[in-house]
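Colleague: Quick check, what structure comes out for this input:
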Amino acid sequence: MATDRDYYDVMGVPRGASQDDIKKAYRELVKKHHPDLHKDDPQAPRHMSDVNEAYDTLSDPAKRQQYDAYGKAGPTAFPGAGQAWAPQGGGSGQTFGGFDIGDLFGSFMGGFGRQQSEETPHGRDLSVSMTLTLEQAVFGVKQEIQVRRYDTCATCHGTGAASGTSPKACSTCNGRGEVRQVQDTIFGRVVTAGVCPTCRGEGKVIESPCPACKGSGVTKADKTIEVTIPAGVDSGMKVRIAGQGDAGKHGGQTGDLYLFITVQHDSRFERQGSSLYHTVRVSPAKAVLGTTITVPLVEGGTETVTIAAGSQHGAEVRIRGKGAQAVGERRRGDYIVRIEIGVPKTLTAEQRKLYKQLADIEK
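Modeller: Below is the predicted model of the structure:
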């Protein structure tokens, strides 16, 4: 169910927030509300759905611009932007000198008073939250997911008509989907066009509806589909799967499926863009003398790393091509091992003796 709240309130950002601010807020809200992370919270799925809905609009500059201008209803909520100035079958409710002001402006401003179809054949876009491991995010993955959506009716093949019948051209509008009206006004003769009230703009009528879909041409179904997540995705990104949303009514275009990505935290690594960081602790003696260590790799296995003699706290060892990667890039980033020198809190008698000898030498 769509949220009634303001999208900026849902995201917790001001209206002038940058895309980076919105992305950062989305990541924090995913941690706070994602159902996989809060399985004991029955409200988590609803909260996450609201967040995804808000992020889908605010992260898209075009959608955000339209939302800022018109709100959720879009431009069709305002006269002059493509929707009716007046209720179905009537005028504007405001007349001057015997003519309808909505009709008048409709002729002068390209459909200002024109009414819009109540239904659109275009299928709805769907969204699904998807949680990945760091390895899956780095290398990409093919995965099956469950989607509940409207598919083209298998009985009537999307026509909406019962077997042995077919939709017929609307007799009211002669299949055009709109009706025209000529009115004489003080400014002359005005021709207005509106959506046909009989066929609702489709140009066809169904006299014998399909019993399986009740004439809509679509039926609800649970589908298992395989999706491909490209290598390099990160939390807050969305992946578009074309043509996997709801089927359009009466053969209309199918909507798309959007996957909202969340990458699970991996305590071994810190990801910064295409670079992966791993921190290791070495003793003061090994930092002074140098040593070799093994570090884990995101793809599994380990890599041997040489710590140079005299390494300082915070020093880094870079392994080329073993990090993450950006979406669309073939080359992986670097894997950076950070050196942290750990001072022991307790010492054996022998260690204390040796450290004392070293301290005496350094005097």
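Colleague: Gly236: neighbouring residues, count only.
Modeller: Burial measure for Gly236: 20 neighbouring residues, criterion other Cβ atoms under 10 Å. C-betas here are computed from N, CA, C, even on glycine.
Colleague: quick one: contacts for it?
Modeller: Remark: with contacts taken as Cβ atoms under 8 Å, 6 or more residues apart in numbering, Gly236 is in contact with 23, 26-27, 30, 55, 261.
Colleague: give me that answer again for 10 Å
Modeller: The contact partners of Gly236, taken as Cβ atoms under 10 Å, 6 or more residues apart in numbering, are 22-30, 55, 59, 260-263.
Colleague: same deal with Tyr355?
Modeller: With the criterion set at Cβ under 10 Å, 6+ apart, Tyr355 makes contact with 284-285, 344, 347.
Colleague: Which of those residues sits closest to His47?
Modeller: For those, the minimum distance to His47 (Cβ to Cβ) is 46.4 Å, reached by Pro344.
Colleague: So which residues of the chain form helices?
Modeller: For the chain, the helices defined by DSSP state H cover 7-11, 19-33, 44-58, 61-70, 101-108, 134-139, 284-289, 349-362.
Colleague: Format the ones you listed as TSV; extra columns: distance to Gln244.
Modeller: Written out in TSV, the entries for the helices of the chain read as follows (distance: least, Cβ to Cβ, whole Å):
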stretch	distance to Gln244
helix 7-11	24
helix 19-33	22
helix 44-58	16
helix 61-70	20
helix 101-108	38
helix 134-139	20
helix 284-289	54
helix 349-362	63
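Colleague: With respect to Gly314, which of the ones you listed lies nearest?
Modeller: Smallest distance to Gly314 across those (Cβ to Cβ): 11.0 Å, for helix 284-289.
Colleague: residues in contact with the closest one?
Modeller: Taking Cβ under 10 Å, 6+ apart as the criterion, the residues outside helix 284-289 that touch it are 281-283, 291-293, 307-313, 315, 339-344, 351, 354-355, 358.
Colleague: Next, count neighbours for Ser311.
Modeller: Other residues near Ser311 come to 20 when the count uses other Cβ under 10 Å.
Colleague: wait, what's in contact with it?
Modeller: Going by Cβ under 10 Å, 6+ apart, Ser311 touches 282, 286-291, 317, 339, 341.
Colleague: Now do the buried residues in stretch 27-42.
Modeller: 29-30, 33-35, 37-38 (16 or more other Cβ atoms under 10 Å).
Colleague: Kindly indicate which of those lies nearest Gly12.
Modeller: Of all those, Gly12 sits closest to Leu29, with 7.3 Å by Cβ to Cβ.
Colleague: Now do the contacts for the closest residue to the closest one other than its chain neighbours.
Modeller: The shortest distance from Leu29 to any non-neighbouring residue, by Cβ to Cβ, 6 or more residues apart in numbering, is to Val51 (4.7 Å). Applying Cβ under 10 Å, 6+ apart, we find Val51 in contact with 3, 7, 10-12, 25-26, 28-30, 32-34, 129, 260.
Colleague: of the helices of the chain, which approaches Val205 most closely?
Modeller: For the helices of the chain, the distance to Val205 is smallest for helix 101-108, at 25.3 Å, taking Cβ to Cβ.
Colleague: before we move on, the earlier item: going through the contacts of helix 284-289, which ones are buried?
Modeller: Of all the contacts of helix 284-289 considered here, the ones buried according to neighbour count by 16+ other Cβ under 10 Å are 282, 291, 293, 307, 311, 315, 339, 341.
Colleague: Just these: which are in strands?
Modeller: Using DSSP state E, 282, 291, 293, 307, 339, 341 are the members of the buried ones among the contacts of helix 284-289 that sit in strands.
Colleague: In JSON lines: those residues, plus pLDDT and distance to Asn174.
Modeller: Compiled in JSON lines, these are given as follows (pLDDT from 0 to 100; distance: Cβ to Cβ, whole Å):
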{"residue": "Val282", "pLDDT": "96", "distance to Asn174": "84"}
{"residue": "Thr291", "pLDDT": "97", "distance to Asn174": "87"}
{"residue": "Ile293", "pLDDT": "97", "distance to Asn174": "81"}
{"residue": "Ile307", "pLDDT": "96", "distance to Asn174": "84"}
{"residue": "Ile339", "pLDDT": "97", "distance to Asn174": "80"}
{"residue": "Ile341", "pLDDT": "96", "distance to Asn174": "85"}
